[in-house]
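Chemist: Fold the following.
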Amino acid sequence: VADLVPSGRRATAYGLFAGVVGAASLAGGTLTGGLYGYSIPVLITVVVAIQVLAVVLLAATRVRRL
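Modeler: Okay, here's the model as predicted:
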């Protein structure tokens, strides 16, 4: 965050980043809890699919930056 934002807006950027991470954690926990009560194999499938998507997005981001 520090490398992406001017120093005058850094506190706001860190606060926004923390808020987004917190909201994503809440959503992920809710999804995980709901799927755990529904079906553990579905939970495993969804978690693996989300992780694969994250790796693909990371790879795409790294390719673009090079």
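Chemist: Just the buried residues of the biggest helix by length in the chain, please?
Modeler: When the chain is scanned for its longest helix (criterion: DSSP state H), the result is helix 10-38. Under the neighbour-count criterion of 16 or more other CB atoms under 10 Å, helix 10-38 has residue 35 buried. In short, each C-beta sits where N, CA and C put it, glycine included.
Chemist: Mean confidence (pLDDT) on it, please.
Modeler: Taken as a whole, helix 10-38 has a mean pLDDT of 94.
Chemist: Which helix or strand lies directly C-terminal to that helix?
Modeler: Per DSSP states H and E, the first helix or strand lying C-terminal to helix 10-38 is helix 40-65.
Chemist: Helix 10-38 and that following helix, what's the angle between them?
Modeler: Here helix 40-65 runs at an angle of 150 degrees relative to helix 10-38 (axes from the mean of the first three to the mean of the last three CA atoms, to 10 degrees).
Chemist: Show me what helix 40-65 is packed against.
Modeler: If you count contacts as 3 or more CB pairs under 8 Å, 6 or more residues apart in numbering; DSSP states H and E, helix 40-65 packs onto helix 10-38.
Chemist: How far off centre is the helix it packs on?
Modeler: Offset of helix 10-38 from its chain centre (CA atoms, centre = their mean, to the nearest Å): 8 Å.
Chemist: name the helices or strands packed onto that helix?
Modeler: Applying 3+ CB pairs under 8 Å, 6+ apart, one finds that helix 10-38 makes contact with helix 40-65.
Chemist: quick one: the residue most central in space within the chain and residue 41, what's the gap?
Modeler: Among the residues of the chain, the one closest to the centroid is residue 24, at 6.1 Å (CA atoms, centre = their mean). Note on residue 24: its distance to residue 41, by CB to CB, to the nearest Å, is 24 Å.
Chemist: who's in contact with the residue nearest to the centre of the chain?
Modeler: Contact partners of residue 24, counting by CB atoms under 8 Å, 6 or more residues apart in numbering, are absent.
Chemist: Could you count how many residues lie near residue 5?
Modeler: For residue 5, the neighbour count with other CB atoms under 10 Å is 15.
Chemist: Report the spatially nearest residue to it, omitting neighbours in sequence.
Modeler: Leaving aside its sequence neighbours, residue 5 sits nearest to residue 13 (CB to CB, 6 or more residues apart in numbering; 4.1 Å).
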